[in-house]
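> give me a model of this one.
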Amino acid sequence: MIADPTMLQQTIDLLFTADDRYARHIPVVLYSLFENDPGIRYRVHLITDNLDPSTEKNLQLLCKKLGYGFSVYRLEENMFADAPVNKHYSKAMYYRHLAFQVLPVEIEKILYLDPDILIINPLHPLWEIDMDDHLFLAASHTEEHQGLDELNRVRLGTKSSYFNTGVIVMDLDACRREVSEEQIFSYIHENGPFLLLPDQDVFNALYGSRTKSVPDEIWNYDARKFTQYLLRSGGEYNENWVLAHTAVLHFCGKNKPWGKTRPSRFEMLYLHYAEKLNRQALR
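This next block holds a predicted model:
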């Protein structure tokens with residue numbers, strides 16, 4: 001299906017940050033969004049340091065066919081030279097912290113998504129949640145694990161729950177007033193060796209108290225933890241409930257649905273959208 005421009009009413013700015021390896025998976029996110037949030041015009045923004053021309057062209061063509069805008073912003077690869085990385089975490093994961101500085105000033109608010117996400121119900125209601133003077137909206141995956149939450153508070157010197165950074169609504173205007181590049185780089189330089197989930201630790205240490213919590217079972221469902229969600233809900237959050245209510249499935253962790261090691265019972269749902277994208281010749 002190709003977008004009918006007359007159907008697209010509301011406009012929402014959407015952000016990804018990725019190197020070429022992860023940017024190649026953004027098309028599945030966008031196609032699942034298009035299928036499950038019709039009537040919304042998304043403008044897609046990508047902050048990167050290393051993007052193959054073919055990847056950029058494919059994203060441009062896909063966004064055009066879906067009726068979405070598309071813009072790329074390139075950073076120098078050495079910007080986060082002191083930041084810890086490994087084979088699962090590249091420097092690109094830190095770039096979301098600079099969205100307030102990199103993106104044009106006319107963009108007042110943006111919704112960030114990781115590239116390992118699938119949209120299975122309308123996403124735009126997240127955009128409409130009142131931020132109540134917070135800088136960010138995000139979900140915690142540890143609220144049901146009080147011991148883990150407490151450990152993260154002690155480790156990072158925070159008081160809030162530990163937020164997952166795979167889905168974040170950012171008030172960019174407020175960030176431009178309150179956030180500084182120097183603060184981010186200084187924290188990474190001083191604490192780099194002690195960061196366990198690097199950019200996520202930075203986010204929670206600096207902005208956890210300025211983040212409003214949203215329900216993870218709706219807006220950032222950890223696809224690895226079906227059993228935990230089922231138990232904590234007394235059996236309510238079964239597969240049918242997830243398909244009817246969850247907006248964002250997040251394939252957290254090192255095992256991805258496009259890899260050799262399958263991460264969860266929702267892997268086939270991801271592959272279903274990937275195959276539909278291929279059949280539509282939109283890749």
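> which residue ranges form the strands in this protein?
10-17, 40-48, 69-74, 109-113, 117-119, 136-140, 163-171, 211-213, 221-222, 248-250 (DSSP state E).
> what are the pairing partners of the fifth one, and which direction each?
Note on strand 117-119: by DSSP bridges, its sheet partners are strand 248-250 (antiparallel).
> got it, and the third one?
Paired strands of strand 69-74, with direction, are strand 40-48 (parallel) (DSSP bridges).
> neighbours around residue 43, how many?
By other Cβ atoms under 10 Å, the residues close to residue 43 number 16. C-betas here are computed from N, CA, C, even on glycine.
> ok, the closest residue to residue 253 other than its chain neighbours - contacts?
Counting by Cβ to Cβ, 6 or more residues apart in numbering, residue 253 lies nearest to residue 224, which is 5.7 Å off, once chain neighbours are set aside. Going by Cβ atoms under 8 Å, 6 or more residues apart in numbering, residue 224 touches 251-253, 263-264.
> switch the cut-off to 6 Å
Counting by Cβ atoms under 6 Å, 6 or more residues apart in numbering, residue 224 touches 252-253, 264.
> where along the stretch 101-250 of the chain do the helices fall?
124-127, 146-156, 172-178, 181-191, 198-207, 216-219, 226-232, 239-245 (DSSP state H, counting those that start in this stretch).
> those: which one's closest to residue 92?
When the helices of the stretch 101-250 of the chain are compared by Cβ to Cβ, helix 198-207 sits nearest residue 92, at 9.4 Å.
> can you list the strands of the chain in CSV and add distance to residue 228 and mean pLDDT?
Listed next are the strands of the chain as CSV, based on distance: least, Cβ to Cβ, whole Å; pLDDT from 0 to 100:
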stretch, distance to residue 228, mean pLDDT
strand 10-17, 27, 94
strand 40-48, 31, 97
strand 69-74, 36, 97
strand 109-113, 22, 98
strand 117-119, 19, 98
strand 136-140, 13, 96
strand 163-171, 14, 96
strand 211-213, 18, 96
strand 221-222, 8, 96
strand 248-250, 14, 97
